[in-house]
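> Everything below, folded, please.
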Amino acid sequence: MSKKILVAIDRSDKMNQCVFQEALDLAKATGASLKLLHVLSVDEKDSPNILTLINTPENKKRWEEFEKVGRELLQSLADSAIAAGVPTEYSQGLGRPGHIICDTAKTWGADLIVIGRRGLSGLSELILGSVSNYVSHYAPCSVLLIQGLPLRRKGDVRENFMATSA
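Okay, the predicted model is just below:
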């Protein structure tokens, strides 16, 4: 039974909601506590360019705003979990996401990591990397991968279909 669940959060709205909801449901069912973790990375969606790491007032302001948006996301999710009766804390790190997630799981004593998976494979995974792949191989505890929707390519026949319910 999981007592400490580490939830890896990024800036992809749909995936975040799936990952967070799965972790919240597990925590409520098992009486576990949550730790929400967001890792600031230059590879992340909407991150400032790598050149903004050069210490100028303008670049510093960009990174501060980037950090602020991450903290606000974490605070919002933590507030939701606490309102649902789940003890929750959060933190934000800077660096290589896979490494930070695994290190945090180890130091916090997590029993489970819940993380999203974008569905990359082959060349896309090789070029873009895979945080979930790294975490699943190097985590000090069990890992629950939440599958995201595969990336759609322009002209993909599937992009023209929509599921509906009666």
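> in the protein, which helix or strand is least confident?
One helix or strand of the chain scores below all others by mean pLDDT, DSSP states H and E: helix 122-128, with a mean of 51.
> The helix or strand following that helix packs against which elements?
Later in the chain than helix 122-128, the nearest helix or strand by DSSP states H and E is helix 131-138. When contacts are defined as 3 or more CB pairs under 8 Å, 6 or more residues apart in numbering; DSSP states H and E, helix 131-138 packs onto helix 97-108, strand 112-117, strand 142-147. For every residue, glycine as well, the C-beta is placed using N, CA and C.
> and these as JSON lines, adding mean neighbour count, distance to S80 and mean pLDDT?
What follows is these, written out as JSON lines (neighbours: other CB atoms under 10 Å; distance: least, CB to CB, whole Å; pLDDT from 0 to 100):
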{"stretch": "helix 97-108", "mean neighbour count": "19", "distance to S80": "20", "mean pLDDT": "97"}
{"stretch": "strand 112-117", "mean neighbour count": "24", "distance to S80": "15", "mean pLDDT": "93"}
{"stretch": "strand 142-147", "mean neighbour count": "16", "distance to S80": "17", "mean pLDDT": "92"}
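> Now render these as CSV, adding distance to S130.
Compiled in CSV, these are given as follows (distance: least, CB to CB, whole Å):
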stretch, distance to S130
helix 97-108, 8
strand 112-117, 8
strand 142-147, 10
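> Show me where the chain dips below the pLDDT cut-off.
1, 46, 49-54, 119-129, 148-166 (pLDDT under 70).
> give me that answer again for 80
By pLDDT under 80, the low-scoring segments of the chain are 1-2, 12-13, 42-56, 59, 118-129, 148-166.
> how about the lengthiest helix in it: buried residues?
Counting residues, the longest helix in the chain under DSSP state H turns out to be helix 57-83. Across helix 57-83, burial judged by 16 or more other CB atoms under 10 Å covers W63, F66, G70, L73, L74, L77, A78, A81.
> now S2, what's its secondary structure?
Put simply, S2 is coil when judged by DSSP: H, G, I helix; E, B strand; the rest coil.
> Name all residues that make contact with it.
By CB atoms under 8 Å, 6 or more residues apart in numbering, the residues touching S2 are L26, A27, T30, A32, D111, L112, S142.
> same thing but at 6 Å, please
S2 sits next to T30, A32, D111, L112 when contact means CB atoms under 6 Å, 6 or more residues apart in numbering.
> what's the closest of those residues to L40?
Distance to L40, by CB to CB, is smallest for L112 among those, at 23.3 Å.
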